[in-house]
Every structure is written in structure tokens, then in C-alpha cells.
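> build the 3D model from these lines:
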Amino acid sequence: MLALFLASILATVPALPPDDLDACLEQSPAQNPPPITWRGDLSEIWTARPPVPLDSVRAALTEVRAARRCFLDLSPSAVDRPYLGNILRTYHAETALLAALRRFPEVFETFEKAYSYLASEPPVPARDGVDSSWLFSLHQNHGFLHYLLGDLSSAIDQYLRALRATPPEKIDDRITLLLDVGALHQRTQDYQAARYYYDRADRLSQKNGLRSDPLRGRLLLTKADFLLEKTLNTDLQWSLLERARDLARQSRSVTPPGTERHASASLTLSESLGYLGAFGRAYQLNQEARRYARDADDSRFHAFALLKLGVLHMQTERWAKSESVLKEALSRAEKLGDLDYQRRIFRALGRLHELQNAWSTAEEYYRKGVAVIETYRESLTATQWSSTAFAQWRDVHRGLVRTLLAQERPRDALTALDQTRARHLQDLRTQSRVANELPPSTRARLDSLTRTLTDV
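Residues are numbered from 1 along each chain as shown. Predicted structure coming up:
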């Protein structure tokens, strides 16, 4: 009887009409995910054959902007449900879509609009912490775009802003950002600054007992790659190679097999073992990394693994195998349009023929490497990236000079050397300018740059 009475009461109560917020939510990116997001690979859509039709991206951009207008037209006092996060999500989605369309001035303008909107403290219902979480995400994506465009000083600045916007209790996010900032400094070969941020990430993880195996795996692998790159680009030190080997081994042990991180750890471990002379195990690990690349259909990682295999063959004096593998890697890199990989592979091919005293062939490959470097520079949107990797790029120039001298062509060698020194001087001046653009706390190497300029 009671049940019938309650049912009759409920039947007479009219359903509440949906407020205007529901109409906006139906248009929002949360309900209608855009075809391109910051989680996807933006660089893929910039290729000649984008995975998503650009018309779909443009249509999604129109929808996202309409959704934001809908939210902004609401009267906050008439809505008791939180929706600030939905507004910020539209900025987040719009920046990704504009970046996919390569409309970069509009991307940066939209980021600034989002920051200004948050700074205005809009009287919009919000969940606790939504401001800081979206501010962190916006700065992180802003920095990532600068990184993709080669503007490393701006990328560092935005990642540091993201770090400042991250609450202290978000340990994993803070560690991730510290690793990102360190990696950016490593890109500029500012090893002192890179070491500083890696050490901060390490201390934070030890203090709070990092529980995330994937993040711990990344921390260990980052440190291994850092030590390996530093010693290969400066003075080869056996102790650093052994430390890199141990860190890569630890990273591999805490990351699940069949993942990119595990394969990357295997490849770094393989490379360190190769330089330490443990060739058998180095070959096994390289094969494991290539198996992952095939299974995942990851052509970029496959090209990198083949490059490392070619170097292994050089170390074991398997010249024919090395050339075959390196040419396969080059073919993949050319299809990808990856100029940096092409530069590395031409350098390896030049070195391969140099070791066999095939001077004219070595010269040919080194010259191709120099040409790729110049194309790489011209293709960059910002000059900052052009200045970042000369310590790696100069190996190609030095190889060219060596092969010319070996062929008793001192005049050609001197011309190549002068061109190299002129380029290096230009790079150092650019580096000095970039360092001046950074915040004072990140100018650790400005004085040493000035001294180097004087020496040159």
C-alpha cells in the first residue's frame, strides 16, 4: 500500500527541465572528443599524409569554439553545477586543433587567452583544484609545442611554469616535469643544468617513495641516457659507461616487457654493453628492441635500433653487415623525413668506410651528412634549436676534414675546417643570446659560453 502511495506521488511530480548547461555539455569536447588531442602525435599530422583529414580538424575546431561560446553565455548564478573545467577544456582542445593545422600564432594567442581567463578569477562554479590542474596542463602543452618547433628556451620557460602550477602533493606530475626540463637542457647540451633537474627528480622520488614503476623506469632510463650521451660527447669514461649500464638494467627490470619504455631500456643497455665490450649480450638486447619495433609497427624506433645495430657491427668489424643495416636504417629515416636520424646514419656510414680506409666513399657520406645538417637547420622554425647540437653535428664535419687530409687534399680540408669554425662561432653567439633570454636561475653556463667565444 505504501509503495503504491509513493508511486502515485512520484508520478505527479513533473521532471525537472534540463538547464542550459546540459545543452552546452552536449557540444563540449568531453562529449565529442576531437580527432586530434595533445595526447596524440601532432608531428604525424604535419606530414604529407596526415592520419586525420584536415577538414575533420577544421570542423572540430568550429565545434569547440561554439561550445565555449555556449558556456560563456551562461549566467553563473543560474547554474549550481561546476563547469569551469569544461570551459578550460575547450581552450585545451582548441590549442591542439590549431597546432594540428599549423596555425601557430593563433595557438599561442589561445594559450594567452586561457591564462588571462583564469587570472580574471571568473565567478563560475568549479571543483576544488580545477584551476591549478588546468593551468599545469596548459603550460605543459604550451611548452611541448615550443619543443616541437625548436624553441627550446621558451619550452623550458613553459615547463617551469607548469612545475610552479603543480601542487606539492602531485608528486608524480612534479617528477615528470623535472625530467622534462632536464631533458630539454640535455638537448641544449647544458649538462650542468640537466644534471640539476635530474637530481631534483631523483631526490623527490626517494623522499616520497616513488611507487609508479613506469615513472621510476623513466627516471632510471633518463639518467642512463644522460650519462651515456655525456661521456660519448665529451671524454669516454669507463666508470660512466658502467653506471649507465647499471641504470639501464634497473630501468629494464621495473618496466613491463612489450612496452616502448622496456624496449628503450633494452636498447640503452645494449649500447652501453657494446662500448664495454660485452657484444654477445648487446646483440641479444638489440634484437629484442627490434622485435618490439616490428610488433608495434614503430618505424621510427626500428630505424633507431637498426642504427645502433650498425654501430655494433662496426665495433665487431662486421663491415658488410654494418653497411647493409645502416642503409636499411637510412631508408626508413628518409621515408619518415627524420633529418636528425639521417644525419646520425650518414655519420655512421662515413665512419664505417673511414675505418676501412675507403676515403672517397667516407667523404661522400660525410658530405651528405653535412648537407642534411644544413637542411635540418633551414627546416627549423626557431634559431634556438639550430644552436643546440653542434657537439654532435661537428663529428660529421670533423670526419669530412679527416677524410680530405687522408686523401692528401689539405686545401679542401682547410676550407672545410674554416666553414666548420665559422658555423661553430655562429652557434656559440646564438647560444649566448638564448642564454640571456632564459630566467636568471637557468643561466648557469653563460659565463663559460662567453669565455669560449673569446677563445674562438
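
> how close does Leu405 sit to Arg127?
68 Å (CB to CB, to the nearest Å). Where you see a C-beta, it was placed from the backbone N, CA and C, and this is true even at glycine.

> more neighbours: those two, which one.
With neighbours defined as other CB atoms under 10 Å, Leu405 and Arg127 compare such that Leu405 has more, 16 against 12.

> next, the more buried one: secondary structure please.
Three-state secondary structure (criterion: DSSP: H, G, I helix; E, B strand; the rest coil) places Leu405 in helix.

> name the nearest residue to it, sequence neighbours excluded.
Counting by CB to CB, 6 or more residues apart in numbering, Ala413 is the residue found nearest to Leu405 once chain neighbours are left out, at 4.8 Å.

> now name the helix or strand holding that neighbour.
Ala413 belongs to helix 410-437 when assigned by DSSP states H and E.

> avg pLDDT for that helix?
Helix 410-437 carries an average pLDDT of 64.

> re the thing from before, please tell me I have it right and the residue nearest to Leu405 contacts Val401.
Yes: taking contact to mean CB atoms under 8 Å, the distance of 5.0 Å between Ala413 and Val401 places them in contact.

> and for the residue nearest to Leu405, the neighbour number?
Neighbour tally, Ala413, other CB under 10 Å: 18.

> what sits against Arg281?
When contacts are counted by CB atoms under 8 Å, 6 or more residues apart in numbering, Arg281 is found next to Ser270, Leu273.

> then the one 4 residues further on?
Listed by CB under 8 Å, 6+ apart, the contact partners of Leu285 are Ser266, Leu267, Leu269, Ser270, Leu273.

> closest one of those to Ile373?
Relative to Ile373, the closest of those is Leu267; by CB to CB it sits at 24.0 Å.

> pretty sure that closest one contacts Phe304?
Yes: contact between Leu267 and Phe304 holds when scored by CB under 8 Å: they sit 7.3 Å apart.

> next structured bit after the helix or strand where Glu354 lies?
Assignment of secondary structure by DSSP H and E places Glu354 within helix 339-355. Towards the C-terminus, the helix or strand next in line after helix 339-355, according to DSSP H and E, is helix 359-379.

> who are the packing partners of that following helix?
Of the remaining helices and strands, those touching helix 359-379 by 3 or more CB pairs under 8 Å, 6 or more residues apart in numbering; DSSP states H and E are helix 339-355, helix 390-406.

> now the first one: buried residues?
So the one you mean is helix 339-355. 339, 341-354 (16 or more other CB atoms under 10 Å).

> among those, which one sits closest to His262?
Lowest distance from His262 to the buried residues of helix 339-355 (CB to CB) belongs to Tyr341, with 21.4 Å.

> which residue is the nearest non-sequential neighbour of the closest one?
Beyond its immediate neighbours in the sequence, the residue positioned closest to Tyr341 (CB to CB, 6+ apart) is Ala333, lying 3.8 Å away.

> do Arg65 as well
The shortest distance from Arg65 to any non-neighbouring residue, by CB to CB, 6+ apart, is to Glu94 (6.6 Å).

> my guess is the one you found contacts Leu61. True?
Yes: using CB under 8 Å, Glu94 makes contact with Leu61 at a distance of 6.6 Å.
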